[in-house]
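Student: the sequence and its predicted three-dimensional model are supplied below.
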Amino acid sequence: MNVDLPASGLARHPRSLPLYNQIKEDLRDKILEGGYREAERLPSESELTSAYGVSRITVRQALAGLEQERLIFKIPGKGTFVSHFKPTMQLVRLQGLAEAMSALGVEVQNRLLSILPVTADPLTASRLQVPEGSPLIEFRRVRNARQEPVSLDVTYVRRSLGLRLAKEDLVNRDIFLIIENDYRIPLGHADLDISAINADSALSALLHVPVGAPILRMERLTWSKAGQAIDFEFLFYRGDSFRYQTRAERS
């Protein structure tokens, strides 16, 4: 077990924060970056007290904050353990995965499987508002968070936009951010259709889950602020990867 937690690790966090908050954020970073793995026992309160050079009350406040965020859990008589971390996806905001996860301190890596020219079938044609048979570009990527695959993204765009995107660094960058920041196309909203399916053999192999495991299947059609259909996607999320939040208003 790693109990070497030098106070210099706090340098990444503003010294204006209360000390317990600096320690909480330092431990949080270590958990999210994989320094402590799921179900691993954290150092004891006395070990953390010694390593950080603070009082036990300060350590307890830091751990209480992590427990409130559901990053850790306690088993009486056994210690404090790292939870299975499920980042929360806010469905009320239009964001790319890396953009959403970076706000939580989670880095997303992409594995680009393929970039292919295809023709629009009836579904993609109707979604992207192009004639059936129109040339499109298809992008397939496996998205990884905390060194594990969490989703398969299958993206369709018009050929002109796809040829530009094919030249970009899609391993390290979100398509949404490229479209908005590089191409100056402001995005407006997305239409979502969400359902649950079971993993077939292909999804099982790509997402490292058993055949039959629960998968959240999302169709997402993204529109520009000018009202043009820009990006149509099939997103397949592992059922154990995220929590989802939205707000329902009563009319």
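Tutor: Alright, I've got the coordinates.
Student: now do the strands in the stretch 1-150 of the chain.
Tutor: 72-75, 79-82, 88-90, 108-119, 135-145, 148-158 (DSSP state E, counting those that start in this stretch).
Student: quick one: closest of those strands to Lys30.
Tutor: strand 79-82 (9.5 Å; C-beta to C-beta). (C-beta placed from N, C-alpha, C; glycine too.)
Student: what's the separation between Arg247 and Glu138?
Tutor: According to C-beta to C-beta, to the nearest Å, Arg247 and Glu138 sit 33 Å apart.
Student: between these two, which one's more packed in?
Tutor: Each of Arg247 and Glu138 has its neighbours counted (other C-beta atoms under 10 Å); Glu138 has more, 15 against 7.
Student: was I right to think Thr155 contacts Arg143?
Tutor: No. Look at Thr155 against Arg143 with C-beta atoms under 8 Å: they stay out of range, at 11.4 Å.
Student: so where is the stretch 51-200 of the chain shaky, pLDDT-wise?
Tutor: Residue ranges of the stretch 51-200 of the chain with pLDDT under 70: 84-93, 95-96, 98-106.
Student: how is this protein carved up into domains?
Tutor: As assigned by automatic domain parsing, the chain contains the domains 7-82, 88-245.
Student: can you lay out those domains as JSON lines showing distance to Ser251?
Tutor: Shown next, in JSON lines, are those (distance: least, C-beta to C-beta, whole Å):
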{"stretch": "domain 7-82", "distance to Ser251": "32"}
{"stretch": "domain 88-245", "distance to Ser251": "16"}
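Student: residue contacts, the residue lying closest to Asn172 once chain neighbours are set aside?
Tutor: In space, and not counting its chain neighbours, Asn172 is closest to Asn110: 7.0 Å by C-beta to C-beta, 6 or more residues apart in numbering. Asn110 makes contacts with 98, 141-144, 170-172, as judged by C-beta atoms under 8 Å, 6 or more residues apart in numbering.
Student: quick check on those: which are buried?
Tutor: Among these, those classed as buried by 16 or more other C-beta atoms under 10 Å are 98, 141-144, 170.
Student: rebuild those as TSV, extending it with distance to Ser126.
Tutor: Listed next are the buried ones among the contacts of Asn110 as TSV, based on distance: C-beta to C-beta, whole Å:
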residue	distance to Ser126
Ala98	29
Arg141	24
Val142	27
Arg143	26
Asn144	32
Leu170	26
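Student: out of these, which one sits closest to Leu42?
Tutor: Asn144 (24.4 Å).
Student: which non-adjacent residue is nearest the closest one?
Tutor: Leaving aside its chain neighbours, Asn144 sits nearest to Gln109 (4.5 Å; criterion: C-beta to C-beta, 6+ apart).
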